[in-house]
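1. Fold the following, please.
(chains A and B, ligands or ions: 2)
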Amino acid sequence: MTSLNLEENFQSKIDTEIKIEPKDWMPDAYRKTLIRQISQHAHSEIVGMLPEGNWITRAPSLRRKLILLAKVQDEGGHGLYLYSAAETLGADRDELVQQLLTGKAKYSSIFNYPTLNWADIGAIGWLVDGAAIMNQVMLTRTSYGPYARAMVRICKEESFHQRQGYEIMMAMAGGSPEQKAMAQDALNRWWWPSLMMFGPRDSESAHSDQASKWKIKRKSNDELRQQFVDVTVPQAERIGLSVPDPDLKWNEARGHNDFGEIDWDEFWSVVKGNGPCNRQRLQARIKAYEDGAWVREAAMAHAEKKEQRKIEPEAAVKAA
Amino acid sequence: MTDTSIKYLLQLADNALILGHRLGEWCGHAPEMELDIALTNIALDLTGQARNLYQRAAELEGQGKTEDDLAYLRDVWDFRNVLLVEQPNGDFAHTIVRQFLFDTYNYCLHQELAHSADEWVAGFAAKSLKEIAYHQRFSSEWVVRLGDGTEVSHAKMQAAIDDLWTYSGELTLPNEVEKQMASQGIGADLAKIKPAIDAKRAEVLATASLQGPTGTWMQSGGKDGRHSEHLGFILSEMQFLQRAYPGQEW
Ligand SMILES: [Fe+2]
Ligand SMILES: [Fe+2]
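-> Ligands and ions are numbered 1, 2, ... in the order given. Down below sits the predicted model:
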(Lines give C-alpha, C1' and ligand atoms only; values in the text may rest on other atoms or scores of the structure.)
(Ligands and ions follow the chains in the order given, each with its own letter.)
Protein backbone atom coordinates (compact mmCIF):
# COMPACT_ATOMS: atom_id res chain seq x y z
CA MET A 1 0.00 0.00 0.00
CA THR A 2 1.14 3.51 -0.67
CA SER A 3 1.50 5.79 2.30
CA LEU A 4 -1.56 7.70 1.16
CA ASN A 5 -3.63 4.50 1.21
CA LEU A 6 -2.23 3.53 4.58
CA GLU A 7 -3.23 6.86 5.97
CA GLU A 8 -6.73 6.63 4.46
CA ASN A 9 -7.15 3.12 5.72
CA PHE A 10 -6.06 4.21 9.20
CA GLN A 11 -8.47 7.14 9.27
CA SER A 12 -11.35 5.03 8.00
CA LYS A 13 -10.80 2.54 10.82
CA ILE A 14 -10.99 5.40 13.26
CA ASP A 15 -14.09 6.80 11.60
CA THR A 16 -15.82 3.42 11.81
CA GLU A 17 -14.79 2.92 15.47
CA ILE A 18 -12.35 0.08 14.82
CA LYS A 19 -9.61 0.17 17.46
CA ILE A 20 -6.03 0.67 16.38
CA GLU A 21 -3.83 -2.14 17.67
CA PRO A 22 -0.06 -2.17 18.33
CA LYS A 23 0.88 -3.96 15.09
CA ASP A 24 -1.34 -1.83 12.87
CA TRP A 25 0.14 0.87 10.71
CA MET A 26 -0.30 4.30 12.24
CA PRO A 27 0.99 7.78 11.40
CA ASP A 28 4.13 8.76 13.25
CA ALA A 29 2.43 11.75 14.78
CA TYR A 30 -0.37 9.54 16.14
CA ARG A 31 2.19 7.26 17.74
CA LYS A 32 4.12 10.19 19.21
CA THR A 33 1.00 11.90 20.52
CA LEU A 34 -0.11 8.72 22.22
CA ILE A 35 3.28 7.95 23.74
CA ARG A 36 3.39 11.49 25.10
CA GLN A 37 -0.12 11.36 26.48
CA ILE A 38 0.05 7.84 27.93
CA SER A 39 3.44 8.41 29.53
CA GLN A 40 2.30 11.72 31.03
CA HIS A 41 -0.66 9.86 32.39
CA ALA A 42 1.64 7.17 33.83
CA HIS A 43 3.93 9.78 35.38
CA SER A 44 0.89 11.43 36.96
CA GLU A 45 -0.16 8.18 38.60
CA ILE A 46 3.33 7.68 40.04
CA VAL A 47 3.89 11.27 41.19
CA GLY A 48 0.31 11.26 42.47
CA MET A 49 1.33 8.66 45.04
CA LEU A 50 3.37 11.30 46.87
CA PRO A 51 0.82 13.80 48.19
CA GLU A 52 -1.41 11.01 49.48
CA GLY A 53 1.47 8.86 50.64
CA ASN A 54 2.29 11.86 52.82
CA TRP A 55 -0.63 10.91 55.13
CA ILE A 56 -0.28 7.12 55.31
CA THR A 57 1.62 7.24 58.60
CA ARG A 58 -0.92 9.69 60.05
CA ALA A 59 -4.17 8.11 58.92
CA PRO A 60 -6.59 8.51 61.83
CA SER A 61 -7.94 4.96 62.04
CA LEU A 62 -6.85 1.49 61.02
CA ARG A 63 -9.66 1.28 58.52
CA ARG A 64 -8.68 4.58 56.88
CA LYS A 65 -5.04 3.55 56.88
CA LEU A 66 -5.84 0.34 55.01
CA ILE A 67 -8.01 2.17 52.49
CA LEU A 68 -5.33 4.78 51.88
CA LEU A 69 -2.54 2.21 51.53
CA ALA A 70 -4.64 0.29 49.03
CA LYS A 71 -5.51 3.45 47.14
CA VAL A 72 -1.95 4.65 46.78
CA GLN A 73 -0.97 1.13 45.76
CA ASP A 74 -3.69 1.17 43.09
CA GLU A 75 -2.20 4.36 41.67
CA GLY A 76 1.19 2.67 41.45
CA GLY A 77 -0.50 -0.19 39.60
CA HIS A 78 -2.11 2.28 37.21
CA GLY A 79 1.31 3.76 36.52
CA LEU A 80 2.78 0.35 35.69
CA TYR A 81 -0.18 -0.54 33.56
CA LEU A 82 0.10 2.68 31.58
CA TYR A 83 3.86 2.37 31.06
CA SER A 84 3.11 -1.05 29.58
CA ALA A 85 0.53 0.49 27.27
CA ALA A 86 3.14 3.04 26.15
CA GLU A 87 5.58 0.19 25.53
CA THR A 88 3.16 -1.38 23.05
CA LEU A 89 3.88 1.71 20.94
CA GLY A 90 7.61 1.04 21.00
CA ALA A 91 8.49 3.32 23.91
CA ASP A 92 10.89 2.17 26.61
CA ARG A 93 9.84 2.50 30.25
CA ASP A 94 13.28 3.51 31.48
CA GLU A 95 13.52 6.23 28.88
CA LEU A 96 10.09 7.52 29.79
CA VAL A 97 11.04 7.60 33.46
CA GLN A 98 14.22 9.49 32.56
CA GLN A 99 12.09 12.09 30.80
CA LEU A 100 10.12 12.54 33.99
CA LEU A 101 13.20 12.82 36.19
CA THR A 102 14.94 15.31 33.92
CA GLY A 103 11.83 17.47 33.80
CA LYS A 104 11.41 16.91 30.07
CA ALA A 105 8.06 15.16 30.50
CA LYS A 106 5.15 16.67 32.35
CA TYR A 107 2.74 15.14 34.83
CA SER A 108 -0.56 16.43 36.11
CA SER A 109 -0.03 19.76 37.89
CA ILE A 110 -2.56 18.88 40.55
CA PHE A 111 0.07 16.84 42.38
CA ASN A 112 2.20 19.93 42.85
CA TYR A 113 -0.16 21.08 45.58
CA PRO A 114 0.47 20.06 49.20
CA THR A 115 -1.69 17.85 51.45
CA LEU A 116 -1.99 19.86 54.64
CA ASN A 117 -4.72 18.26 56.69
CA TRP A 118 -6.42 14.87 56.72
CA ALA A 119 -9.42 16.17 54.77
CA ASP A 120 -7.04 16.71 51.85
CA ILE A 121 -7.04 12.92 51.46
CA GLY A 122 -10.81 13.08 51.18
CA ALA A 123 -10.67 16.04 48.80
CA ILE A 124 -8.15 14.33 46.53
CA GLY A 125 -10.28 11.21 46.24
CA TRP A 126 -13.46 13.14 45.74
CA LEU A 127 -12.22 15.91 43.44
CA VAL A 128 -8.98 14.75 41.86
CA ASP A 129 -10.01 11.17 41.24
CA GLY A 130 -13.43 12.54 40.35
CA ALA A 131 -11.95 14.83 37.71
CA ALA A 132 -9.67 12.06 36.48
CA ILE A 133 -12.72 9.83 35.99
CA MET A 134 -14.38 12.37 33.69
CA ASN A 135 -11.33 12.26 31.49
CA GLN A 136 -10.75 8.53 31.76
CA VAL A 137 -14.31 7.44 31.08
CA MET A 138 -13.95 9.33 27.82
CA LEU A 139 -10.64 7.54 27.22
CA THR A 140 -12.23 4.09 27.55
CA ARG A 141 -13.49 4.87 24.03
CA THR A 142 -10.19 6.26 22.74
CA SER A 143 -9.04 4.94 19.36
CA TYR A 144 -5.92 3.12 20.53
CA GLY A 145 -6.94 -0.36 21.78
CA PRO A 146 -4.42 -0.98 24.60
CA TYR A 147 -4.97 2.51 26.04
CA ALA A 148 -8.76 2.13 25.91
CA ARG A 149 -8.61 -1.25 27.62
CA ALA A 150 -6.22 0.02 30.30
CA MET A 151 -8.74 2.77 31.01
CA VAL A 152 -11.62 0.35 31.52
CA ARG A 153 -9.79 -1.36 34.32
CA ILE A 154 -8.41 1.82 35.80
CA CYS A 155 -11.79 3.56 35.78
CA LYS A 156 -13.32 0.92 38.03
CA GLU A 157 -10.68 1.58 40.65
CA GLU A 158 -10.86 5.35 40.25
CA SER A 159 -14.57 5.41 40.94
CA PHE A 160 -13.91 3.38 44.08
CA HIS A 161 -11.32 6.00 45.08
CA GLN A 162 -13.77 8.77 44.38
CA ARG A 163 -16.41 7.23 46.62
CA GLN A 164 -13.94 6.66 49.45
CA GLY A 165 -12.71 10.24 49.20
CA TYR A 166 -16.23 11.56 49.32
CA GLU A 167 -16.92 9.34 52.31
CA ILE A 168 -14.03 10.96 54.20
CA MET A 169 -15.39 14.42 53.33
CA MET A 170 -18.85 13.39 54.43
CA ALA A 171 -17.58 12.09 57.77
CA MET A 172 -15.61 15.26 58.41
CA ALA A 173 -18.22 17.71 57.17
CA GLY A 174 -20.67 16.04 59.55
CA GLY A 175 -18.16 15.87 62.41
CA SER A 176 -16.82 18.30 64.99
CA PRO A 177 -16.41 22.01 64.16
CA GLU A 178 -12.67 21.43 63.69
CA GLN A 179 -13.29 18.55 61.32
CA LYS A 180 -15.77 20.57 59.34
CA ALA A 181 -13.24 23.41 59.14
CA MET A 182 -10.63 20.99 57.84
CA ALA A 183 -13.05 19.73 55.19
CA GLN A 184 -13.93 23.24 54.07
CA ASP A 185 -10.27 24.25 54.06
CA ALA A 186 -9.43 21.26 51.87
CA LEU A 187 -12.23 22.05 49.45
CA ASN A 188 -11.13 25.69 49.28
CA ARG A 189 -7.61 24.70 48.33
CA TRP A 190 -8.40 21.81 45.94
CA TRP A 191 -11.39 23.20 44.06
CA TRP A 192 -9.64 25.47 41.56
CA PRO A 193 -6.64 23.21 40.93
CA SER A 194 -9.16 20.41 40.22
CA LEU A 195 -10.84 22.54 37.56
CA MET A 196 -7.40 23.25 36.12
CA MET A 197 -6.87 19.49 35.65
CA PHE A 198 -8.92 19.64 32.45
CA GLY A 199 -6.32 21.86 30.85
CA PRO A 200 -6.46 25.18 29.02
CA ARG A 201 -9.67 26.49 27.53
CA ASP A 202 -10.61 24.98 24.18
CA SER A 203 -9.73 28.25 22.46
CA GLU A 204 -6.18 28.02 23.88
CA SER A 205 -5.56 24.31 23.60
CA ALA A 206 -2.73 23.39 21.22
CA HIS A 207 -3.43 19.71 20.59
CA SER A 208 -7.18 19.42 20.53
CA ASP A 209 -8.02 19.44 16.80
CA GLN A 210 -5.82 16.60 15.66
CA ALA A 211 -6.50 14.60 18.83
CA SER A 212 -10.22 14.72 18.21
CA LYS A 213 -9.90 13.82 14.52
CA TRP A 214 -7.96 10.73 15.63
CA LYS A 215 -10.51 10.15 18.37
CA ILE A 216 -7.78 10.07 20.99
CA LYS A 217 -9.73 12.71 22.83
CA ARG A 218 -13.49 12.62 22.32
CA LYS A 219 -14.60 15.55 24.43
CA SER A 220 -13.07 18.98 24.74
CA ASN A 221 -11.42 20.34 27.88
CA ASP A 222 -14.27 22.77 28.47
CA GLU A 223 -16.96 20.12 28.00
CA LEU A 224 -15.29 17.83 30.54
CA ARG A 225 -14.78 20.70 32.97
CA GLN A 226 -18.45 21.66 32.76
CA GLN A 227 -19.46 18.05 33.31
CA PHE A 228 -17.26 17.89 36.41
CA VAL A 229 -18.68 21.10 37.87
CA ASP A 230 -22.25 19.94 37.27
CA VAL A 231 -21.67 16.60 38.97
CA THR A 232 -19.61 17.92 41.88
CA VAL A 233 -21.50 21.02 43.01
CA PRO A 234 -24.57 19.12 44.27
CA GLN A 235 -22.24 16.67 46.07
CA ALA A 236 -20.70 19.57 47.97
CA GLU A 237 -24.13 20.94 48.81
CA ARG A 238 -25.31 17.58 50.08
CA ILE A 239 -22.64 17.53 52.79
CA GLY A 240 -22.92 21.21 53.64
CA LEU A 241 -19.67 22.46 52.17
CA SER A 242 -19.50 25.56 50.04
CA VAL A 243 -17.67 25.69 46.74
CA PRO A 244 -15.24 28.64 46.83
CA ASP A 245 -16.58 30.41 43.76
CA PRO A 246 -18.82 33.49 44.16
CA ASP A 247 -19.78 33.29 40.47
CA LEU A 248 -21.08 29.75 40.70
CA LYS A 249 -24.76 29.73 39.75
CA TRP A 250 -27.21 27.32 38.15
CA ASN A 251 -28.11 28.52 34.67
CA GLU A 252 -31.60 27.28 33.87
CA ALA A 253 -31.37 28.20 30.19
CA ARG A 254 -28.08 26.36 29.61
CA GLY A 255 -29.00 23.51 31.92
CA HIS A 256 -25.54 23.83 33.43
CA ASN A 257 -23.77 25.64 36.24
CA ASP A 258 -22.07 28.89 35.33
CA PHE A 259 -18.79 29.26 37.15
CA GLY A 260 -16.03 31.80 37.62
CA GLU A 261 -12.84 32.25 35.67
CA ILE A 262 -9.87 30.04 36.51
CA ASP A 263 -6.74 31.90 37.53
CA TRP A 264 -4.81 31.08 34.37
CA ASP A 265 -1.68 32.81 35.64
CA GLU A 266 -1.56 30.30 38.46
CA PHE A 267 -2.25 27.48 36.00
CA TRP A 268 0.71 28.39 33.76
CA SER A 269 2.92 29.18 36.68
CA VAL A 270 2.46 25.67 38.11
CA VAL A 271 2.94 24.11 34.66
CA LYS A 272 6.22 25.99 34.39
CA GLY A 273 7.43 24.53 37.67
CA ASN A 274 6.46 27.16 40.20
CA GLY A 275 3.73 25.33 42.09
CA PRO A 276 4.13 24.92 45.84
CA CYS A 277 5.56 21.39 45.52
CA ASN A 278 6.98 20.96 41.98
CA ARG A 279 10.50 20.82 43.32
CA GLN A 280 9.72 18.46 46.19
CA ARG A 281 7.77 16.02 44.01
CA LEU A 282 10.50 15.73 41.43
CA GLN A 283 13.20 15.52 44.08
CA ALA A 284 11.33 12.70 45.80
CA ARG A 285 11.16 10.73 42.53
CA ILE A 286 14.82 11.40 41.79
CA LYS A 287 15.82 10.34 45.29
CA ALA A 288 13.86 7.09 45.03
CA TYR A 289 15.45 6.43 41.65
CA GLU A 290 18.99 7.19 42.76
CA ASP A 291 18.77 5.48 46.15
CA GLY A 292 17.31 2.44 44.44
CA ALA A 293 19.97 2.17 41.72
CA TRP A 294 22.09 -0.35 43.62
CA VAL A 295 19.02 -2.52 44.25
CA ARG A 296 18.05 -2.62 40.58
CA GLU A 297 21.66 -3.27 39.54
CA ALA A 298 21.97 -6.08 42.08
CA ALA A 299 18.73 -7.68 40.94
CA MET A 300 19.96 -7.62 37.36
CA ALA A 301 23.39 -8.97 38.26
CA HIS A 302 21.79 -11.78 40.26
CA ALA A 303 19.49 -12.71 37.39
CA GLU A 304 22.47 -12.85 35.01
CA LYS A 305 24.52 -14.96 37.41
CA LYS A 306 21.59 -17.33 37.81
CA GLU A 307 21.34 -17.72 34.03
CA GLN A 308 25.06 -18.28 33.90
CA ARG A 309 24.92 -20.98 36.57
CA LYS A 310 22.19 -22.75 34.63
CA ILE A 311 24.37 -22.83 31.52
CA GLU A 312 27.65 -23.71 33.20
CA PRO A 313 26.71 -27.09 34.69
CA GLU A 314 25.38 -28.10 31.26
CA ALA A 315 28.65 -27.06 29.66
CA ALA A 316 30.54 -28.97 32.32
CA VAL A 317 28.53 -32.09 31.62
CA LYS A 318 29.16 -31.78 27.88
CA ALA A 319 32.87 -31.25 28.45
CA ALA A 320 33.00 -34.40 30.54
CA MET B 1 -9.96 -15.65 78.88
CA THR B 2 -7.43 -13.93 81.04
CA ASP B 3 -5.44 -10.78 81.12
CA THR B 4 -2.51 -12.83 79.87
CA SER B 5 -4.38 -13.84 76.72
CA ILE B 6 -5.11 -10.21 75.96
CA LYS B 7 -1.47 -9.30 76.44
CA TYR B 8 -0.50 -12.12 74.14
CA LEU B 9 -2.85 -10.92 71.42
CA LEU B 10 -1.50 -7.39 71.85
CA GLN B 11 2.05 -8.63 71.36
CA LEU B 12 1.03 -10.17 68.05
CA ALA B 13 -1.02 -7.15 67.06
CA ASP B 14 1.63 -4.58 67.93
CA ASN B 15 4.28 -6.43 65.92
CA ALA B 16 2.05 -6.44 62.88
CA LEU B 17 0.94 -2.83 63.31
CA ILE B 18 4.38 -1.34 63.82
CA LEU B 19 6.07 -3.30 61.05
CA GLY B 20 3.21 -2.48 58.70
CA HIS B 21 3.59 1.17 59.66
CA ARG B 22 7.30 1.13 58.83
CA LEU B 23 6.62 -0.51 55.46
CA GLY B 24 3.99 2.11 54.75
CA GLU B 25 6.73 4.74 55.00
CA TRP B 26 8.19 3.31 51.77
CA CYS B 27 5.01 3.89 49.82
CA GLY B 28 5.93 6.05 46.81
CA HIS B 29 9.67 5.90 47.52
CA ALA B 30 10.75 2.30 46.83
CA PRO B 31 13.68 1.41 44.54
CA GLU B 32 11.35 0.12 41.84
CA MET B 33 7.64 0.50 41.10
CA GLU B 34 7.06 -3.24 41.44
CA LEU B 35 8.77 -3.17 44.83
CA ASP B 36 6.64 -0.25 45.92
CA ILE B 37 3.56 -2.34 45.24
CA ALA B 38 5.00 -5.43 46.95
CA LEU B 39 6.01 -3.57 50.11
CA THR B 40 2.60 -1.95 50.29
CA ASN B 41 1.02 -5.37 49.92
CA ILE B 42 2.88 -6.62 52.96
CA ALA B 43 1.97 -3.45 54.86
CA LEU B 44 -1.67 -4.07 53.98
CA ASP B 45 -1.52 -7.70 55.15
CA LEU B 46 0.14 -6.80 58.42
CA THR B 47 -2.15 -3.88 59.19
CA GLY B 48 -5.14 -6.08 58.39
CA GLN B 49 -3.86 -8.76 60.76
CA ALA B 50 -3.29 -6.16 63.47
CA ARG B 51 -6.85 -5.00 63.03
CA ASN B 52 -8.25 -8.50 63.57
CA LEU B 53 -6.11 -9.00 66.63
CA TYR B 54 -7.06 -5.67 68.20
CA GLN B 55 -10.73 -6.39 67.60
CA ARG B 56 -10.36 -9.72 69.35
CA ALA B 57 -8.36 -8.22 72.21
CA ALA B 58 -10.95 -5.47 72.69
CA GLU B 59 -13.72 -8.05 72.68
CA LEU B 60 -11.96 -10.11 75.36
CA GLU B 61 -11.31 -7.02 77.45
CA GLY B 62 -15.02 -6.32 77.38
CA GLN B 63 -14.68 -2.64 78.24
CA GLY B 64 -16.23 -1.35 75.03
CA LYS B 65 -12.91 -0.36 73.49
CA THR B 66 -12.40 -0.43 69.74
CA GLU B 67 -9.49 -1.56 67.59
CA ASP B 68 -8.58 2.10 67.19
CA ASP B 69 -8.51 2.74 70.94
CA LEU B 70 -5.91 0.02 71.22
CA ALA B 71 -3.82 1.22 68.29
CA TYR B 72 -4.10 4.95 68.83
CA LEU B 73 -4.56 5.57 72.52
CA ARG B 74 -1.88 3.53 74.22
CA ASP B 75 1.53 4.97 75.00
CA VAL B 76 5.00 3.53 74.40
CA TRP B 77 5.12 1.46 77.60
CA ASP B 78 1.84 -0.24 76.70
CA PHE B 79 3.12 -1.42 73.32
CA ARG B 80 4.36 -5.01 73.30
CA ASN B 81 6.03 -5.31 69.92
CA VAL B 82 9.60 -6.59 69.62
CA LEU B 83 12.38 -4.03 69.17
CA LEU B 84 13.14 -5.33 65.67
CA VAL B 85 9.95 -4.08 64.03
CA GLU B 86 10.31 -0.51 65.26
CA GLN B 87 13.81 -0.11 63.81
CA PRO B 88 13.95 2.51 61.04
CA ASN B 89 13.71 1.53 57.38
CA GLY B 90 17.28 2.62 56.71
CA ASP B 91 18.34 1.69 53.20
CA PHE B 92 16.52 -1.06 51.33
CA ALA B 93 18.99 -3.64 52.72
CA HIS B 94 17.96 -2.80 56.28
CA THR B 95 14.30 -3.03 55.38
CA ILE B 96 14.76 -6.43 53.75
CA VAL B 97 16.89 -7.85 56.56
CA ARG B 98 14.41 -6.60 59.17
CA GLN B 99 11.62 -8.20 57.19
CA PHE B 100 13.51 -11.44 56.70
CA LEU B 101 14.34 -11.81 60.39
CA PHE B 102 10.73 -11.13 61.28
CA ASP B 103 9.14 -13.28 58.57
CA THR B 104 11.22 -16.35 59.35
CA TYR B 105 10.04 -16.09 62.95
CA ASN B 106 6.50 -15.12 62.09
CA TYR B 107 6.02 -18.00 59.67
CA CYS B 108 7.06 -20.70 62.16
CA LEU B 109 5.08 -18.94 64.87
CA HIS B 110 1.84 -18.98 62.90
CA GLN B 111 2.40 -22.54 61.75
CA GLU B 112 2.41 -23.42 65.43
CA LEU B 113 -0.47 -21.12 66.35
CA ALA B 114 -2.60 -22.74 63.68
CA HIS B 115 -2.79 -25.66 66.15
CA SER B 116 -3.58 -23.48 69.15
CA ALA B 117 -5.97 -24.79 71.79
CA ASP B 118 -7.80 -21.50 71.38
CA GLU B 119 -10.11 -21.77 68.42
CA TRP B 120 -10.00 -18.10 67.52
CA VAL B 121 -6.20 -18.01 67.60
CA ALA B 122 -5.98 -21.17 65.50
CA GLY B 123 -8.36 -19.76 62.91
CA PHE B 124 -6.59 -16.44 62.77
CA ALA B 125 -3.19 -18.10 62.39
CA ALA B 126 -4.34 -20.45 59.65
CA LYS B 127 -5.79 -17.55 57.72
CA SER B 128 -2.72 -15.34 58.17
CA LEU B 129 -0.28 -18.09 57.34
CA LYS B 130 -0.93 -17.77 53.61
CA GLU B 131 -0.03 -14.09 53.71
CA ILE B 132 2.99 -14.67 55.92
CA ALA B 133 4.26 -17.44 53.64
CA TYR B 134 4.26 -14.91 50.82
CA HIS B 135 6.11 -12.37 52.99
CA GLN B 136 8.75 -14.93 53.85
CA ARG B 137 9.19 -15.90 50.21
CA PHE B 138 9.49 -12.26 49.20
CA SER B 139 12.05 -11.29 51.83
CA SER B 140 14.07 -14.51 51.44
CA GLU B 141 14.27 -14.03 47.68
CA TRP B 142 15.48 -10.48 48.13
CA VAL B 143 18.08 -11.53 50.70
CA VAL B 144 19.45 -13.94 48.12
CA ARG B 145 19.19 -11.49 45.25
CA LEU B 146 21.00 -8.71 47.09
CA GLY B 147 23.49 -10.96 48.85
CA ASP B 148 24.43 -12.51 45.53
CA GLY B 149 23.97 -9.47 43.25
CA THR B 150 26.91 -7.07 43.26
CA GLU B 151 29.78 -6.26 45.60
CA VAL B 152 27.92 -3.14 46.66
CA SER B 153 24.68 -4.95 47.41
CA HIS B 154 26.51 -7.72 49.23
CA ALA B 155 28.30 -5.21 51.45
CA LYS B 156 25.09 -3.34 52.20
CA MET B 157 23.30 -6.55 53.11
CA GLN B 158 26.09 -7.72 55.36
CA ALA B 159 26.12 -4.33 57.09
CA ALA B 160 22.36 -4.50 57.62
CA ILE B 161 22.64 -8.00 59.07
CA ASP B 162 25.39 -6.86 61.41
CA ASP B 163 23.26 -3.88 62.51
CA LEU B 164 20.01 -5.75 63.05
CA TRP B 165 21.20 -9.12 64.33
CA THR B 166 21.15 -7.81 67.88
CA TYR B 167 17.33 -7.63 67.60
CA SER B 168 16.90 -11.15 66.24
CA GLY B 169 17.15 -12.94 69.57
CA GLU B 170 14.20 -11.31 71.29
CA LEU B 171 11.79 -12.94 68.86
CA THR B 172 12.45 -16.41 70.27
CA LEU B 173 13.19 -15.40 73.85
CA PRO B 174 9.93 -16.02 75.70
CA ASN B 175 8.63 -13.54 78.26
CA GLU B 176 6.25 -14.47 81.10
CA VAL B 177 3.18 -13.99 78.92
CA GLU B 178 4.50 -16.29 76.23
CA LYS B 179 5.55 -18.93 78.74
CA GLN B 180 2.10 -19.00 80.28
CA MET B 181 0.34 -19.07 76.93
CA ALA B 182 2.60 -21.87 75.70
CA SER B 183 1.94 -23.90 78.83
CA GLN B 184 -1.80 -23.59 78.21
CA GLY B 185 -1.39 -24.68 74.62
CA ILE B 186 -2.74 -21.37 73.37
CA GLY B 187 0.54 -19.73 72.45
CA ALA B 188 3.56 -21.16 70.69
CA ASP B 189 6.46 -22.77 72.51
CA LEU B 190 9.29 -20.59 71.23
CA ALA B 191 11.99 -23.03 72.25
CA LYS B 192 10.29 -25.59 70.08
CA ILE B 193 10.15 -23.44 66.94
CA LYS B 194 13.58 -21.83 67.35
CA PRO B 195 15.54 -24.61 65.57
CA ALA B 196 13.32 -24.36 62.49
CA ILE B 197 13.68 -20.56 62.43
CA ASP B 198 17.45 -20.75 62.82
CA ALA B 199 17.67 -23.39 60.11
CA LYS B 200 15.63 -21.37 57.64
CA ARG B 201 17.71 -18.27 58.28
CA ALA B 202 20.96 -20.20 57.94
CA GLU B 203 19.82 -21.79 54.70
CA VAL B 204 18.82 -18.50 53.07
CA LEU B 205 21.90 -16.64 54.30
CA ALA B 206 24.17 -19.41 53.00
CA THR B 207 22.50 -19.24 49.58
CA ALA B 208 23.05 -15.49 49.65
CA SER B 209 26.68 -15.99 50.78
CA LEU B 210 25.98 -13.79 53.80
CA GLN B 211 27.10 -14.38 57.37
CA GLY B 212 24.91 -14.41 60.44
CA PRO B 213 27.21 -13.00 63.15
CA THR B 214 28.05 -15.09 66.19
CA GLY B 215 28.32 -14.04 69.79
CA THR B 216 26.15 -10.95 69.29
CA TRP B 217 24.58 -9.48 72.43
CA MET B 218 20.82 -9.80 72.04
CA GLN B 219 18.70 -6.78 72.96
CA SER B 220 15.28 -7.38 74.44
CA GLY B 221 12.51 -5.67 76.38
CA GLY B 222 10.02 -4.68 73.68
CA LYS B 223 7.63 -7.46 74.58
CA ASP B 224 7.36 -6.00 78.08
CA GLY B 225 7.09 -2.38 77.00
CA ARG B 226 10.75 -1.32 77.24
CA HIS B 227 11.40 0.06 73.77
CA SER B 228 14.05 1.76 71.70
CA GLU B 229 13.84 5.51 71.19
CA HIS B 230 12.18 5.01 67.81
CA LEU B 231 8.76 3.89 68.99
CA GLY B 232 7.87 7.22 70.59
CA PHE B 233 8.31 8.97 67.24
CA ILE B 234 6.31 6.33 65.41
CA LEU B 235 3.43 6.77 67.84
CA SER B 236 3.54 10.56 67.88
CA GLU B 237 3.09 10.49 64.11
CA MET B 238 0.62 7.63 63.96
CA GLN B 239 -1.55 8.83 66.83
CA PHE B 240 -1.47 12.55 66.02
CA LEU B 241 -5.06 13.01 64.84
CA GLN B 242 -6.61 10.77 67.48
CA ARG B 243 -4.71 12.62 70.19
CA ALA B 244 -5.25 16.13 68.86
CA TYR B 245 -8.98 15.65 68.22
CA PRO B 246 -10.13 13.03 70.73
CA GLY B 247 -13.29 11.04 70.29
CA GLN B 248 -14.04 11.93 66.68
CA GLU B 249 -15.26 9.75 63.84
CA TRP B 250 -13.03 9.88 60.80
FE1 LIG C 1 -5.06 6.28 39.14
FE1 LIG D 1 -7.20 7.01 41.80
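2. tally of neighbours for the closest residue to residue B:182 other than its chain neighbours?
-> Nearest non-adjacent residue to residue B:182, counting by Cβ to Cβ, 6 or more residues apart in numbering or on different chains: residue B:189, 4.4 Å away. Using the backbone N, CA and C atoms, a C-beta is placed for each residue, glycine as well. Neighbour count for residue B:189, taken as other Cβ atoms under 10 Å in any protein chain shown: 15.
3. Give me the distance between residue A:124 and ligand 2.
-> Distance, residue A:124 to ligand 2, by Cβ to the ion, to the nearest Å: 9 Å.
4. hang on, that residue in a strand?
-> No - counting by DSSP: H, G, I helix; E, B strand; the rest coil, one finds residue A:124 to be helix, located in no strand.
5. Next one, pLDDT for it please.
-> You'll see residue A:124 listed with a pLDDT of 98.
6. quick one: residue A:305 and residue B:148 touch, right?
-> Yes - shown here, residue A:305 and residue B:148 form a contact pair, counting by Cβ atoms under 8 Å, at 6.3 Å.
7. Name the residue in those two with the higher neighbour count.
-> More neighbours surround residue B:148 than the other of residue A:305 and residue B:148, with 22 against 14 (other Cβ under 10 Å).
8. Show me where chain B dips below the pLDDT cut-off.
-> Scanning chain B for pLDDT under 70 picks out B:1.
9. Tell me the residue of it that sits nearest ligand 2?
-> Closest to ligand 2 within chain B is residue B:28: 13.6 Å, counting by Cβ to the ion.
10. Contact partners for that residue?
-> Shown in contact with residue B:28 (Cβ atoms under 8 Å, 6 or more residues apart in numbering or on different chains): A:49, A:50, A:53, A:72, A:76, A:284, A:288, B:36.
11. Tally up the residues packed near residue A:48, please.
-> 25.
12. hang on, the earlier thing: take the contacts of residue B:28 and keep only those in helices.
-> Using DSSP state H, the members of these that fall in helices are A:49, A:50, A:53, A:72, A:76, A:284, A:288, B:36.
13. Would you confirm that the first one contacts residue A:78?
-> No - with contacts defined as Cβ under 8 Å, residue A:49 does not count as touching residue A:78, sitting 9.8 Å away.
14. Just give me the neighbour total for the closest residue to ligand 2 within chain A.
-> Closest to ligand 2 within chain A is residue A:161: 3.8 Å, counting by Cβ to the ion. Residues lying near residue A:161 (other Cβ under 10 Å) number 24.
15. cool, residue A:279 as well?
-> 12.
16. For it, which residues are in contact?
-> Contacts for residue A:279 (Cβ under 8 Å, 6+ apart) come out as residue A:273.
17. Residue A:112 versus that one, what's the distance?
-> Using Cβ to Cβ, to the nearest Å, we find residue A:279 at a distance of 9 Å from residue A:112.
18. Let's have the ones in helices among the contacts of residue B:28 in a markdown table, adding neighbour count and distance to residue A:165.
-> Formatted as a markdown table, the ones in helices among the contacts of residue B:28 follow (neighbours: other Cβ atoms under 10 Å in any protein chain shown; distance: Cβ to Cβ, whole Å):
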| residue | neighbour count | distance to residue A:165 |
| --- | --- | --- |
| A:49 | 27 | 15 |
| A:50 | 23 | 17 |
| A:53 | 26 | 15 |
| A:72 | 27 | 13 |
| A:76 | 23 | 17 |
| A:284 | 18 | 22 |
| A:288 | 21 | 25 |
| B:36 | 27 | 21 |
